[in-house]
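> give the three-dimensional model of this entry:
(chains A and B)
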Amino acid sequence: MCDFSESSSGIASRERSRHHELSELALAPQLIAWLDHELPEAEAAVVEEHIRGCDECRRQVDAYERVSGGFSLYCEALEAASAAAPASRGSRAHSSVLRWVPVLAGTAAVAGVLFITLSVAFFVSFPGSRIEHSAAPVQTTTVSAAIASGPASRVAGSPISPSVDPAVRVSANRAGVVRANAAGRTVRAPQAEARGFQNHAVQNRAFRNNDWQFVQPAIQIAIPAEAMFPPGAVPDGVNFTADLTISTDGSTQGLVLEPSVIESAGSGGSRR
Amino acid sequence: MSGDSLSLALPLSKIATGATEATTLYRELRKPLLRYLVCLGLSSDEAQDVVQDAFLRLHQHLAAGGSQESIRSWVYRVAHNQARNRQKSYHRKFSAPLEAGINAILDQATPEQVVLDKEKFRQLAKAIRLLERGERECLLLRAGGLCYREIGEVLGVPTSTVADTVDRAIKKLAEKCNV
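From the prediction side, this is the model:
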């Protein structure tokens, strides 16, 4: 009997233990949901009652609470780091800029050398373009008779009246078109540029007129009339304008003289 | 005349009501939303931009008479999707949050740090980084105060999946941290 009662109580104890283990297995997945208040009331009450009598589940719940608190701290840490991040990002950006400085400097140096090389090559290939750069500081000088003697021999053969103003003004643009005006007496170009001009008669006036719209007086050359025509060949009061076309290699392709009348001689300006 | 006044007044009242609700939600959700976005991997400036844009959309949504049901998860979902788009465009990963924050908070003397010493905190941070993206997102939203249903709405998964994911993630962290 005693043995029976003892075995009966032992069976009951084992049953309780087994029931507890089963309930622990069943409730274990619900502990975190219970902690988060995500269980329905009936289930939450069962879990709560179980936790009260189960040290292991209570210990687990405590561990889950500590982990959840630690995770919140981790989030705070990230937020704090992010708030402090702009300064470090700025320093990183600054350091990255410093890291690029040698590269940028090298690129700028190469670009500068390349620009200078191309500019030199351009001016060597297109000498007429040098006029553009010399346009601002225009100088006034006089072309010697020797320089103008070449064109003069050709102009002398033209059908223009032999009465010519004592001087011829020549202007040139960046495209190499040169305009000569007999009313002028001064040269507005470096002499080195003026020496490069070789005049030829212009046969195609339409071509010259098309180029004329680009003409910007950069060089004005005054050629003394005595250098072009014999003394007394040009009557007083008669003036003419000479249009020169100069190609990009500096050679003169044409010269056309257009007669006009001087209103008041000796002023040195254009009177077309 | 009265008809005109009525037709004009109704949208205005809607806008005013929407603006009030948006303002209330802004005060309530701005800080946890910023924290969530930063923890996802956005910078502070980017998070600010995303929050502003999310609340601008909320204002438009409410002004247009949109549904106000689950409005918290609606705002979080908008912000979450924008954060994902930004991270896609910048080829960044959710699994690469700012590491400097750990040291930043460890250097501060707060009562919470008395509970968790530095070594345990580092263990926890390491364990968090080892979590899967979905697990981390669930825990982040949970830390932001969202319930499982709201987390499911933000992430587009069932509530039961959220419960399982949170349970799994918390147990992983507890196991890794030996708590």
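> quick check: domain ranges of chain B?
Taking automatic domain parsing as the reference, chain B has its domains at B:1-94, B:103-179.
> residue A:60 - how many residues pack around it?
Number of residues near residue A:60 (other CB atoms under 10 Å in any protein chain shown) recorded here: 20. To be clear about C-beta, it is placed using only N, CA and C from the backbone, and glycine gets the same treatment.
> so for it, what's the nearest residue that isn't a sequence neighbour?
residue A:31 (5.9 Å; CB to CB, 6 or more residues apart in numbering or on different chains).
> from residue B:146, how far off is the one you found?
Distance from residue A:31 to residue B:146, counting by CB to CB, to the nearest Å: 20 Å.
> pLDDT weak spots in the chain?
In the absence of a named chain, this looks at chain A. Scanning chain A with the threshold set as pLDDT under 70 gives A:1-27, A:85-101, A:126-228, A:234-235, A:237-248, A:252-272.
> meant chain B actually
Low-confidence segments of chain B (pLDDT under 70): B:1-19, B:89-117, B:179.
> would you map the helices across it?
Remark: helices assigned in chain B by DSSP state H are B:2-40, B:44-63, B:71-89, B:100-106, B:111-115, B:118-129, B:133-143, B:148-155, B:159-177.
> out of the ones you listed, which gets nearest to chain A?
Checking those against chain A by CB to the nearest CB gives helix B:100-106 as the closest, at 2.7 Å.
> on that earlier part again, can I get the helices of chain B in a markdown table including mean neighbour count and distance to chain A?
Below are the helices of chain B laid out as a markdown table (neighbours: other CB atoms under 10 Å in any protein chain shown; distance: least, CB to the nearest CB, whole Å):
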| stretch | mean neighbour count | distance to chain A |
| --- | --- | --- |
| helix B:2-40 | 15 | 4 |
| helix B:44-63 | 18 | 4 |
| helix B:71-89 | 18 | 13 |
| helix B:100-106 | 20 | 3 |
| helix B:111-115 | 11 | 6 |
| helix B:118-129 | 17 | 5 |
| helix B:133-143 | 22 | 5 |
| helix B:148-155 | 21 | 5 |
| helix B:159-177 | 19 | 5 |
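> quick check: residue B:167 touching residue A:28?
No. Taking CB atoms under 8 Å as the definition, residue B:167 is not a contact partner of residue A:28, at 9.2 Å.
> in the stretch 101-250 of chain A, which residue sits closest to chain B?
residue A:103 (23.6 Å).
> same question for chain A.
Minimum separation of chain A from chain B (CB to the nearest CB) falls at residue A:81, amounting to 2.7 Å.
> for that residue, grab the count of nearby residues.
A count of nearby residues for residue A:81, using other CB under 10 Å, gives 21.
> could you do residue B:66 as well?
Residue B:66, neighbours per other CB under 10 Å, totals 14.
> please report phi then psi for it.
Backbone torsions for residue B:66, taken as degrees, to the nearest 10, come to phi -70, psi 170.
> go on, the one 3 residues further on?
Comment: the main-chain dihedrals of residue B:69 come out as phi -80, psi 140, following degrees, to the nearest 10.
> and it, how close does it get to chain A?
Plainly put, residue B:69 is 19 Å away from chain A if you go by CB to the nearest CB, to the nearest Å.
> for burial, what's the neighbour tally of that residue?
As a burial measure, residue B:69 scores 7 neighbours (other CB under 10 Å).
> who in the stretch 51-200 of chain A is up against chain B?
For the stretch 51-200 of chain A, the residues in contact with chain B (CB under 8 Å from any CB of the partner chain) are A:60, A:63-64, A:66-86, A:88-89.
> now with 10 Å, please.
Taking CB under 10 Å from any CB of the partner chain as the measure of proximity, the stretch 51-200 of chain A contacts chain B at A:59-60, A:62-86, A:88-89.
> now, those residues that are in helices?
Within those, residues falling in helices by DSSP H are A:59-60, A:62-86, A:88-89.
> quick check: the gap between the nearest residue to residue B:72 once chain neighbours are set aside and residue B:143.
Take residue B:72 and drop its neighbours on the chain: the residue closest to it by CB to CB, 6+ apart is residue B:150, 6.0 Å away. Note on residue B:150: its distance to residue B:143, by CB to CB, is 13 Å.
> what of residue B:156?
Counting by CB to CB, the gap from residue B:156 to residue B:143 is 19 Å.
> again with residue B:164
Plainly put, residue B:164 is 18 Å away from residue B:143 if you go by CB to CB.
> same question, residue A:36
Using CB to CB, one gets 11 Å for the distance from residue A:36 to residue B:143.
> any common contacting residues for those two?
Common contact partners of residue A:36 and residue B:143 (CB atoms under 10 Å, 6 or more residues apart in numbering or on different chains): residue A:68.
> spit out the contact partners of residue A:51.
If you count contacts by CB under 10 Å, 6+ apart, then residue A:51 has A:27, A:31, A:34, A:35, A:57, A:58, A:59, A:60, A:61 around it.
> pretty sure the fifth one sits in a helix.
Okay, so that is residue A:57. Yes. Under DSSP: H, G, I helix; E, B strand; the rest coil, residue A:57 sits within a helix.
> what is the burial count for it?
Considering only other CB under 10 Å, residue A:57 is surrounded by 20 other residues.
> identify the residue nearest it in space, chain neighbours excluded?
residue A:51 (5.0 Å).
> so which bits of the helix or strand where that neighbour lies are buried?
For residue A:51, the element it lies in under DSSP states H and E is helix A:41-53. Using 16 or more other CB atoms under 10 Å in any protein chain shown as the test for burial, helix A:41-53 gives A:46, A:47, A:50, A:51.
> surely the first one meets residue A:30?
Yes. With contacts defined as CB atoms under 10 Å, residue A:46 counts as touching residue A:30 at a distance of 8.7 Å.
> intersection of neighbour lists for those two?
Counting by CB under 10 Å, 6+ apart, the common neighbours of residue A:46 and residue A:30 are residue A:39.
> what are the contacting residues of the stretch of helix or strand residue A:34 belongs to?
Per DSSP H and E, residue A:34 falls inside helix A:31-35. Helix A:31-35 is contacted from outside by A:24, A:27, A:38-40, A:43-48, A:50-51, A:57-58, A:60-65, A:67-68, B:142, B:148, B:162-164, B:166-171, B:174, using CB under 10 Å, 6+ apart.
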